[in-house]
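A.B. asks: here are the coordinates; sequence isn't available:
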């Protein structure tokens, strides 16, 4: 059962990275046109501010998510079910803003989005669902 949860989390970990690479590849090979929204300075300003807040708030929250008592209790009590639910949420909290930042970087050609996307990618490393990490977070040291 633990292997199926780890497999699910591993797939959900890899898919956003793969999708980001596809976005980068499509724009860098000029299959999609970058800078389409570059002229809308007000929208760019609003999105930069919003994505900075979302990225900077969600990453620390995702990294500390399993330390909250109610989450930790569900992971250790419900075991596999809780681990799957909260593991998916934790990966999504980092991966979704990373994907959005990657897309917005190419739409506005604004390095702030690019840097936030890179920060998201680097942060994903800290939530990689290895077997050892899953066992440790579930409180199963066997």
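C.D. replies: The structure has been received and is ready for your questions. Since the structure is predicted, the reported quantities are computational estimates derived from the model, not experimental observations.
A.B. asks: let me know the secondary structure of the residue nearest to the spatial centre of the chain.
C.D. replies: The geometric centre of the chain, computed from its C-alpha atoms, lies nearest to residue 95 (CA atoms, centre = their mean), at 1.8 Å. Residue 95 carries the three-state label helix when classified by DSSP: H, G, I helix; E, B strand; the rest coil.
A.B. asks: per-residue pLDDT, it?
C.D. replies: Note on residue 95: pLDDT of 98.
A.B. asks: that one - nearest residue in space that isn't next to it in sequence?
C.D. replies: Sequence neighbours aside, residue 16 is the residue nearest to residue 95 in space, at 3.6 Å (criterion: CB to CB, 6 or more residues apart in numbering). C-beta coordinates here come from the backbone N, C-alpha and C atoms, glycine included.
A.B. asks: which SSE is that neighbour in?
C.D. replies: Counting by DSSP states H and E, the element that carries residue 16 is helix 2-28.
A.B. asks: what residues of that helix count as buried?
C.D. replies: 5-6, 9-10, 12-13, 16, 20, 23, 27 (16 or more other CB atoms under 10 Å).
A.B. asks: phi, psi of residue 39?
C.D. replies: phi -80, psi -20 (degrees, to the nearest 10).
A.B. asks: quick one, what contacts it?
C.D. replies: With CB atoms under 8 Å, 6 or more residues apart in numbering as the criterion, no residue contacts residue 39.
A.B. asks: now do the helix or strand bottoming out on mean pLDDT in the chain against helix 2-28, angle only.
C.D. replies: Sorting the helices and strands of the chain by mean pLDDT, DSSP states H and E puts helix 131-138 at the bottom, at a mean of 79. Going by axes from the mean of the first three to the mean of the last three CA atoms, to 10 degrees, helix 131-138 is angled at 120 degrees with respect to helix 2-28.
A.B. asks: alright, I will stop here.
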